[in-house]
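A.B. asks: Kindly generate the corresponding structure for this input.
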Amino acid sequence: MSGTPITMLTAYDYSMAKLLDENEIDMLLVGDSLGNVMLGYESTLPVTMEDMIHHTKIVARGARHAMVVADMPFLSYQVSIEEAVRNAGRLMKEGRAHAVKLEGGSEMADTVRAICRAGIPVVGHIGLTPQSIHQLGGFKVQGKESSAAQKLLDDAKALEEAGAFVIVLECVPSKLAAKVTASLTKAATIGIGAGSDCDGQVLVINDLLGMNKDFKPKFVKRFADLHTLISSAVQDYKREVETRSFPAPEHGFAIADDVLEKLY
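C.D. replies: Have a look, this model is predicted:
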């Protein structure tokens with residue numbers, strides 16, 4: 001790793017995208033995690049291309065400087081290379097993304113190569129890949145055994161050779177992530193639960209802000225406790241409405257008494 005690490009955060013709507021952009025976050029990821037965070041699904045699997053295009057367009061409108069990366073949802077790139085290129089193109093043309101991200105290692109190399117050949121920048125994603133959660137047997141750290149670690153290293157090199165310019169490493173032992181990072185010559189690594197030696201870091205913005213008090217993976221650091229803050233504000237609002245202390249006179253609009261007197 002060299003230079004200043006890359007900062008990436010998820011964004012799903014205009015207001016948050018604008019706020020993150022104003023604070024000079026390098027890359028905004030419109031993750032298919034919006035299925036869990038915004039749409040209330042139990043996994044990312046039900047997320048559709050239309051969901052991703054809708055939210056990517058919204059985020060793109062709020063980003064003036066940051067690169068907008070859109071996740072390719074489940075089964076939008078696995079069926080055929082032709083369909084993968086077409087769907088990646090839709091995220092660029094209709095969603096106004098600057099790059100697309102897809103999950104998988106060497107088995108996705110030909111797909112990555114074809115998308116790159118179409119002029120679309122690709123971010124790879126290996127380690128814990130949520131779209132394959134049933135195949136992986138749950139949310140587990142990946143690459144702890146020698147054969148799995150070697151495959152992860154080989155996958156990263158295959159994605160780089162295919163043209164991926166960034167590779168997300170999720171839930172990978174820190175020393176293995178450092179070795180992967182050092183082994184790549186062109187692609188940068190961005191870690192999530194992969195230690196500090198990656199070229200950058202990514203978190204789900206709702207996790208960073210502490211929006212969900214019941215969900216805190218080990219690799220997440222809460223930089224704020226918005227769940228408590230928002231709950232307190234909502235409770236204050238409810239109490240003041242119910243006691244008629246809100247709205248106060250300063251929150252209303254005046255009318256001359258003689259206008260009212262003319263009414264019948």
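A.B. asks: ok, residue 177 touching residue 190?
C.D. replies: No - counting by C-beta atoms under 8 Å, residue 177 stays clear of residue 190, with 10.1 Å between them. All C-beta atoms are positioned from the backbone trio N, CA, C, and that covers glycine.
A.B. asks: shared neighbours, those two?
C.D. replies: Residues within reach of residue 177 and of residue 190 at once, by C-beta atoms under 8 Å, 6 or more residues apart in numbering, are 169, 198.
A.B. asks: ok, those two, which is more surrounded?
C.D. replies: The neighbour comparison of residue 177 against residue 190 (other C-beta atoms under 10 Å) goes to residue 190, with 29 against 25.
A.B. asks: all strands for this structure, in order.
C.D. replies: 6-10, 27-30, 67-71, 99-103, 122-127, 166-170, 188-192, 200-203 (DSSP state E).
A.B. asks: burial count for residue 158?
C.D. replies: When neighbours are defined as other C-beta under 10 Å, residue 158 has 21 of them.
A.B. asks: What of the one 3 residues further on?
C.D. replies: Using other C-beta under 10 Å, residue 161 has 16 other residues around it.
A.B. asks: Could I get the pLDDT score of it?
C.D. replies: The model reports residue 161 with a pLDDT of 98.
A.B. asks: was I right about it contacting residue 112?
C.D. replies: No - if you go by C-beta under 8 Å, residue 161 and residue 112 don't touch, sitting 9.2 Å apart.
A.B. asks: Point out where the protein drops to low pLDDT.
C.D. replies: Within the chain, the set of residues satisfying pLDDT under 70 comprises 1-2.
A.B. asks: try it again with 50
C.D. replies: Along the chain, the model assigns pLDDT under 50 to no residue.
A.B. asks: how near is the closest residue to residue 128 other than its chain neighbours to residue 185?
C.D. replies: Take residue 128 and drop its neighbours on the chain: the residue closest to it by C-beta to C-beta, 6 or more residues apart in numbering is residue 171, 3.8 Å away. According to C-beta to C-beta, to the nearest Å, residue 171 stands 24 Å off from residue 185.
A.B. asks: Compare the two (neighbour count), which wins?
C.D. replies: residue 171 (22 against 8).
A.B. asks: Let me see the contact set for that one.
C.D. replies: Here residue 171 is in contact with 127, 128, 139, 140, 141, 142, 192, 193, 194, 219 (criterion: C-beta under 8 Å, 6+ apart).
A.B. asks: can you redo those residues as JSON lines with distance to residue 72 and neighbour count?
C.D. replies: Shown next, in JSON lines, are the contacts of residue 171 (distance: C-beta to C-beta, whole Å; neighbours: other C-beta atoms under 10 Å):
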{"residue": "127", "distance to residue 72": "17", "neighbour count": "28"}
{"residue": "128", "distance to residue 72": "17", "neighbour count": "23"}
{"residue": "139", "distance to residue 72": "20", "neighbour count": "13"}
{"residue": "140", "distance to residue 72": "23", "neighbour count": "10"}
{"residue": "141", "distance to residue 72": "24", "neighbour count": "17"}
{"residue": "142", "distance to residue 72": "20", "neighbour count": "23"}
{"residue": "192", "distance to residue 72": "17", "neighbour count": "24"}
{"residue": "193", "distance to residue 72": "21", "neighbour count": "23"}
{"residue": "194", "distance to residue 72": "21", "neighbour count": "29"}
{"residue": "219", "distance to residue 72": "23", "neighbour count": "16"}
